[in-house]
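Novice: sequence isn't available, so here's the structure alone:
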Ligand SMILES: Nc1ncnc2c1ncn2[C@@H]1O[C@H](COP(=O)(O)OP(=O)(O)O)[C@@H](O)[C@H]1O
């Protein structure tokens, strides 16, 4: 039975893409049935009666129903947000699940098979909450999420720079529609690590469009006599010019000049816009991305002295602009690689999904043995119809992702004079796990003690590092626990009663905590929840969302 | 050789032969499975080719429909001019309309007052109204959209301005 398909999903801020490994072992993008090309706009519209529409059609009615259309939901992932639309309430997870459902339905129409196992990508800077929310979005959509992988890591898999690349350092430059990220990853023996990441969530292709629209408008005004009519007052004309600018921009990625013919009422003009003009008008935007790239490299030099970038990979539709590669090449003296930049992440994620399945391992040793990998490849060959040799080649190297940020518990420094009057000021974060620890990680052990007599309970607060560097001060950490975090049932006694805490993070990046009372070895009750939604909420949302037909 | 001899010979080598037969059987089973998988693959590929043919044609036609549609819209706009030029442009617009028809595409031209249709209309502007009955309907059409008969869907949405009910507090 060759039924099983492994999917990779690039759940993007503005656009999403779904890809799978086809029977010859090639990553293949599922074309969007609803509009042109392979990309689905990450926009959701909810009808009066609660039925959803995802994609361009949703985007097209946004001006009419601003309250019923949600865009940029990725920016809310991991937050406790709610939208009430069409008599229903939606979370960032359930809205993302609707986008995933639409992608999965398209994939079903294309492959004839329901989407089961899938890997979803996230930005490298996403922490535990955001990753957990992304995984839950997948579960709500009814997918079997077998992994969450950082976008630059997926891109590296797509570019095939992972095999035989131990010790290689790779810079991934990702310029999309509305966001820019630059990330350095290291390919190590048995893992891929994200070394540092930086970027701007408000810089992307749309800024280039606006600049080009200005150029077109200026040229138009020079050529026509509009009397005292100001074209900028004409909302429709301005929107047309902006749409025209995006088209012309894409054209200028191929040709040196493009004709444009804006028309306002009966007044029209026709002229050429050159790549030179376009590049001059957008030079400072490109400069800004180069500044971020330099900053990323400076961080790399600081934290990993002596590490040199070996490869530069371009990701995101906007890296098709020739100026990007040219400028990076001049800047870094490396020839950047450019191949399917807007599909690279989804394709790489599909490869990762297949690899995950081959290397899936819950044995005692660190890695599965040769025999076991071979057997898994055979089994997957039988279930997918892809040749075992091809599978082994795709999954040549085991990819282990690492923890993006450090985690720890909040403690009070009782050696500090006056701590009782200023608990906040005497608090600090003790990190039990650290960024770049390979997953799974732990158990990490810590012995805590009560601070007053007959305390009976300890409140544990979990924190994740918020900045780029791990620091103990509260201000540099974010609380991530969504429950009281109360450890109860500690026997009465003098201050200093010991409590043992163990923190484990599984392969998926899910964190679990246990607390024990050492003298009796009794497990204490501990109430922590790292995800915004708990399992019951996810299940309820899954039942609700999978019952809906998501139209495109 | 006698049959008994044969029997003895078989007897003597029994353990080896049994293993060999078992191996052969496994091999055959594997072959069978592979053949079945191949068979299945062929059937699937055939289906896929059929599906792709239709899909491919729609995908190829789509940009043609979009471009011709844009041209027809531009000509129609010029046709609004007074005099001979206007008539000439209107003729060209009709001509392009026929080309579209030949590839199975037809214009989407909503009438003012019709409800805005998701997937078929793109709202490029809103017109506030105090009349609740008009809320969510087309106020005016900026450009026709196009429906691809082969793919059975709208490939270029009509650009419309839509009525939106003024909120209470704004009235
Ligand atoms: N050929 C091209 N030349 C220049 N820009 C392009 C080209 N193709 C796509 N783009 C731009 O890429 C951006 C979309 O990138 P994408 O990676 O899909 O977005 P995101 O990662 O934000 O979801 C848009 O701004 C689009 O205009």
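Specialist: Arrived safely, thanks for sending. Note that the coordinates shown come from a computational prediction; the quantities given were computed from them, not determined experimentally.
Novice: ramachandran coordinates for residue A:200?
Specialist: For residue A:200, the backbone dihedrals (degrees, to the nearest 10) come out as phi -140, psi 120.
Novice: err, residue A:396, not the other one
Specialist: According to degrees, to the nearest 10, residue A:396 has phi -50, psi -40.
Novice: so how far is residue A:147 from it?
Specialist: Distance, residue A:396 to residue A:147, by Cβ to Cβ, to the nearest Å: 17 Å. Placement of C-beta: from N, CA and C, glycine included.
Novice: now do residue A:8
Specialist: According to Cβ to Cβ, residue A:8 stands 9 Å off from residue A:147.
Novice: so between the two, which is more surrounded?
Specialist: The neighbour comparison of residue A:8 against residue A:147 (other Cβ atoms under 10 Å in any protein chain shown) goes to residue A:8, with 30 against 24.
Novice: isn't the more buried one right up against residue A:344?
Specialist: No. Counting by Cβ atoms under 8 Å, residue A:8 does not reach residue A:344; the two are 10.5 Å apart.
Novice: now for these two: what residues contact both?
Specialist: Contact criterion Cβ atoms under 8 Å, 6 or more residues apart in numbering or on different chains; residues shared by residue A:8 and residue A:344: residue A:154.
Novice: between residue A:8 and residue A:147, which contacts overlap?
Specialist: Common neighbours of residue A:8 and residue A:147 are listed as A:119, A:352-353 (criterion: Cβ under 8 Å, 6+ apart).
Novice: quick one: which of those residues is most hemmed in?
Specialist: With neighbours taken as other Cβ under 10 Å, the top of those is residue A:352, carrying 29 neighbours.
Novice: okay, and that residue sits in which element?
Specialist: Here residue A:352, judged by DSSP states H and E, is contained in helix A:344-359.
Novice: could you point out which element follows that helix?
Specialist: helix A:370-384.
Novice: quick one: list the elements packing against that following helix.
Specialist: Applying 3 or more Cβ pairs under 8 Å, 6 or more residues apart in numbering or on different chains; DSSP states H and E, we find helix A:370-384 packed against helix A:344-359, helix A:388-394.
Novice: and if we set it to 10 Å?
Specialist: Applying 3 or more Cβ pairs under 10 Å, 6 or more residues apart in numbering or on different chains; DSSP states H and E, one finds that helix A:370-384 contacts strand A:15-21, helix A:344-359, helix A:388-394, helix B:14-78.
Novice: next one: the longest one to chain centre, how far?
Specialist: Relative to the mean C-alpha coordinate of its chain, helix B:14-78 is positioned 17 Å out (Cα atoms, centre = their mean, to the nearest Å).
Novice: how about stretch B:104-116?
Specialist: 20 Å.
Novice: okay, buried residues for it please.
Specialist: B:104-105, B:107-108, B:110, B:116 (16 or more other Cβ atoms under 10 Å in any protein chain shown).
Novice: residues from the stretch 101-250 of chain A in reach of the ligand?
Specialist: Residues of the stretch 101-250 of chain A lying close to the ligand by Cβ under 6 Å from any ligand atom are A:176-179, A:204-206, A:246, A:249-250.
Novice: can you rerun that using 5 Å?
Specialist: By Cβ under 5 Å from any ligand atom, the residues of the stretch 101-250 of chain A that approach the ligand are A:176-177, A:205, A:250.
Novice: and chain B, which of those reach it?
Specialist: Checking these against chain B by Cβ under 10 Å from any Cβ of the partner chain, not one of them is in range.
Novice: out of those, which sit inside helices?
Specialist: When DSSP state H defines the helices, the subset of those inside them is A:205, A:250.
Novice: centre-most residue in the chain?
Specialist: Using chain A. Chain A has residue A:122 as the residue nearest its centroid, 1.6 Å off, counting by Cα atoms, centre = their mean.
Novice: you looked at the wrong chain, it should be chain B
Specialist: residue B:151 (5.2 Å).
Novice: how near is the residue nearest to residue A:129 when sequence neighbours are not counted to the ligand?
Specialist: Closest residue in space to residue A:129, ignoring its immediate chain neighbours: residue A:78 at 3.6 Å, by Cβ to Cβ, 6 or more residues apart in numbering or on different chains. For residue A:78, the distance to the ligand (Cβ to the nearest ligand atom, to the nearest Å) stands at 18 Å.
Novice: go on, residue A:93?
Specialist: Remark: distance between residue A:93 and the ligand (Cβ to the nearest ligand atom) = 19 Å.
Novice: remind me, longest helix of chain A?
Specialist: Max-length helix for chain A by DSSP H is helix A:275-303.
Novice: residues contacting residue A:158?
Specialist: Residue A:158 is in contact with A:8, A:19, A:27, A:313, A:315, A:337, A:339-341, A:343-352, counting by Cβ atoms under 10 Å, 6 or more residues apart in numbering or on different chains.
Novice: any quick ChimeraX command for the buried ones out of those?
Specialist: ChimeraX command restricting these to the buried ones, with burial defined by 16+ other Cβ under 10 Å:
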select /A:8,19,27,313,315,337,340,341,343,344,345,346,347,348,349,350,351,352
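Novice: out of the contacts of residue A:158, who's near the ligand?
Specialist: Of the contacts of residue A:158, not one also sits near the ligand (Cβ under 5 Å from any ligand atom).
Novice: packing partners of the helix or strand of chain A with the lowest mean pLDDT?
Specialist: Within chain A, no helix or strand scores below strand A:522-526, which has a mean of 73 by mean pLDDT, DSSP states H and E. For strand A:522-526, the packing partners by 3+ Cβ pairs under 10 Å, 6+ apart come out as strand A:457-459, strand A:486-488, strand A:498-505, strand A:511-517.
Novice: helix or strand right after it?
Specialist: By DSSP H and E, the next helix or strand past strand A:522-526 is helix A:535-546.
Novice: show me what the mean pLDDT comes to for that following helix.
Specialist: Across helix A:535-546, pLDDT averages out at 87.
Novice: what does stretch A:454-465 give?
Specialist: For stretch A:454-465, the mean per-residue pLDDT is 84.
Novice: what do you get for stretch A:69-83?
Specialist: Mean pLDDT, computed over stretch A:69-83, is 92.
Novice: stretch A:344-356 now?
Specialist: Mean per-residue pLDDT for stretch A:344-356: 93.
Novice: quick one: that stretch to chain centroid distance?
Specialist: Taking mean C-alpha positions (Cα atoms, centre = their mean), stretch A:344-356 and its chain are 14 Å apart.
Novice: state whether residue A:391 and residue A:21 are indeed in contact, as I suppose.
Specialist: Yes. Look at residue A:391 against residue A:21 with Cβ atoms under 10 Å: they come within range, at 8.6 Å.
Novice: what do the two both touch?
Specialist: Here residue A:391 and residue A:21 have A:6, A:354-355, A:380, A:384 as joint contacts, going by Cβ under 10 Å, 6+ apart.
Novice: okay, now the closest residue to the ligand within chain B: neighbour count?
Specialist: Closest residue of chain B to the ligand, Cβ to the nearest ligand atom: residue B:63 (14.6 Å). Using other Cβ under 10 Å, residue B:63 has 11 neighbouring residues.
Novice: so it sits against residue B:155, correct?
Specialist: Yes. If you go by Cβ under 10 Å, residue B:63 and residue B:155 touch, sitting 9.1 Å apart.
Novice: quick one, what contacts residue B:99?
Specialist: Going by Cβ under 10 Å, 6+ apart, residue B:99 touches B:64-65, B:68, B:71-72, B:105.
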